[in-house]
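**Student:** What shape does this take:
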Amino acid sequence: MAKQNIDWSNLGFGYIKTNERFVSNYTDGKWDDGVLTTDDMVTISECAGVLQYAQTVFEGLKAYTTCDGRVVVFRPDLNASRLKDSCERLEMPVYPEDKFIEAIKKVVKANIDFVPPYGTGATLYVRPYMFGTNPVIGVKPANDYQFRVFTTPVGPYFKGGAKPITIKVSDFDRAAPHGTGHIKAGLNYAMSLHAIVTAHEEGFDENMYLDAATRTKVEETGGANFLFITKDGKVVTPKSNSILPSITRRSLMYVAEHYLGLEVEQREVYFDEVKDFAECGLCGTAAVISPVGKIYDHGKEICFPSGMEEMGPITKKLYETLTGIQMGQIEAPEGWIQEIK
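**Tutor:** Have a look, this model is predicted:
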């Protein structure tokens with residue numbers, strides 16, 4: 001089959017319906033085998049647990065066409081394991097990790113014609129998710145669940161290059177100290193919507209959330225982890241129990257140490273020291289790294305030496321090395337790249 005007739009280089013970051021998706025149901029204490037289906041509609045009770053009490057978790061990863069024409073996915077085992085952690089925290093049944101990887105591969109293979117060609121900057125975004133389906137009116141976990149995986153081709157996150165963004169220190173909290181900030185639950189993102197809309201209205205690209213308990217330490221943004229570069233070239237990332245463990249951030253830290261020979265440190269980062277860093281970036285699946293040029297803090301500005309024109313030199317090296325691994329131009333660590341055959 002030929003590739004879909006899509007203008008790959010002008011794709012945005014939005015939903016386009018593809019051919020097939022994977023669906024598996026959990027009833028009577030067990031998961032069924034799951035099926036691929038062309039039906040993109042979800043039918044559930046009006047009183048479904050997900051609608052009443054937001055019992056839903058999700059993941060996000062991408063399928064790529066490499067420089068030698070293979071279709072691959074990047075570290076799906078880490079998505080499987082993070083989904084397991086999310087399910088356990090929200091009292092949902094765990095979808096088996098081996099079956100999760102199998103489902104990802106099945107869905108990408110079924111929609112192979114939607115995987116953008118190499119060199120377009122576009123990718124196939126893969127969204128696994130799970131939610132409570134049976135009626136729940138008293139506050140308790142659902143008994144029945146559905147696990148689904150759909151795909152959608154998305155354009156490059158940055159059109160015309162990664163220009164540094166301006167972010168603001170938020171007055172809102174993203175997650176409570178012993179809450180759900182460390183899992184990928186829909187409710188965390190619902191909480192951040194008002195804050196991001198407010199930031200956009202004020203002319204900022206994103207929010208910097210500080211820890212809710214003391215408001216002195218850097219946590220993350222609404223959808224990405226922070227990565228800082230010190231003036232002597234060390235890569236520093238915040239450590240906190242309420243930060244989502246980003247797969248991209250973990251991969252970048254490995255790349256920094258093992259590919260670029262940089263010193264890396266995961267530790268508590270106090271907001272007071274942010275002004276002393278040389279570079280700042282936000283890392284996540286969608287953009288890999290978004291460079292930050294400026295942080296606005298209630299009338300004061302922190303401007304990074306790397307400036308507002310382009311990524312800082314170390315951030316750029318990290319970005320190019322990781323995307324090189326994903327696209328097959330640089331040899332990947334064992335197990336990072338799984339080919340779709």
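**Student:** Just the pLDDT at the residue nearest to residue 44 when sequence neighbours are not counted, thanks.
**Tutor:** Nearest-residue entry for residue 44: residue 133, 4.8 Å, with adjacent residues in sequence omitted and distances by CB to CB, 6 or more residues apart in numbering. From N, CA and C alone the C-beta is placed, and that goes for glycine too. pLDDT, residue 133: 98.
**Student:** how many neighbours does residue 133 have?
**Tutor:** 23 (other CB atoms under 10 Å).
**Student:** where along the stretch 51-200 of the chain do the strands fall?
**Tutor:** Secondary structure of the stretch 51-200 of the chain by DSSP state E, counting those that start in this stretch: the strands cover 56-58, 61-65, 71-74, 123-132, 145-154, 165-169.
**Student:** Rebuild those strands as CSV, extending it with distance to residue 328 and mean neighbour count.
**Tutor:** Below are the strands of the stretch 51-200 of the chain laid out as CSV (distance: least, CB to CB, whole Å; neighbours: other CB atoms under 10 Å):
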stretch, distance to residue 328, mean neighbour count
strand 56-58, 27, 23
strand 61-65, 8, 23
strand 71-74, 7, 21
strand 123-132, 13, 23
strand 145-154, 19, 22
strand 165-169, 29, 20
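**Student:** Those: which one's closest to residue 180?
**Tutor:** Residue 180 lies closest to strand 56-58 among those, at 9.7 Å (CB to CB).
**Student:** which helices and strands sit right next to the closest one?
**Tutor:** If you count contacts as 3 or more CB pairs under 8 Å, 6 or more residues apart in numbering; DSSP states H and E, strand 56-58 packs onto helix 76-89, strand 123-132, helix 186-201.
**Student:** Which residues belonging to the longest one are considered buried?
**Tutor:** Neighbour counts using 16 or more other CB atoms under 10 Å place 186, 188, 191-192, 195-196, 199 of helix 186-201 among the buried residues.
**Student:** C-alpha coordinates for stretch 207-223, PDB please?
**Tutor:** What follows is stretch 207-223, C-alpha atoms only, in PDB (Å, rounded to 0.1, in the frame of the first residue of the first chain):
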ATOM      1  CA  ASN A 207       4.200  27.800  33.000                       C
ATOM      2  CA  MET A 208       7.000  27.000  35.400                       C
ATOM      3  CA  TYR A 209       5.500  25.200  38.400                       C
ATOM      4  CA  LEU A 210       7.300  25.400  41.800                       C
ATOM      5  CA  ASP A 211       6.800  22.900  44.500                       C
ATOM      6  CA  ALA A 212       3.500  23.300  46.200                       C
ATOM      7  CA  ALA A 213       4.800  22.900  49.800                       C
ATOM      8  CA  THR A 214       7.400  25.600  49.900                       C
ATOM      9  CA  ARG A 215       7.300  27.300  46.400                       C
ATOM     10  CA  THR A 216      11.100  27.500  46.400                       C
ATOM     11  CA  LYS A 217      12.000  24.500  44.200                       C
ATOM     12  CA  VAL A 218      11.500  24.000  40.400                       C
ATOM     13  CA  GLU A 219       9.200  21.200  39.500                       C
ATOM     14  CA  GLU A 220       8.100  21.000  35.800                       C
ATOM     15  CA  THR A 221       5.700  22.700  33.300                       C
ATOM     16  CA  GLY A 222       2.200  21.500  32.500                       C
ATOM     17  CA  GLY A 223       3.500  18.800  30.100                       C
END
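**Student:** Mean confidence (pLDDT) on that stretch, please.
**Tutor:** Computed over stretch 207-223, the mean pLDDT rounds to 96.
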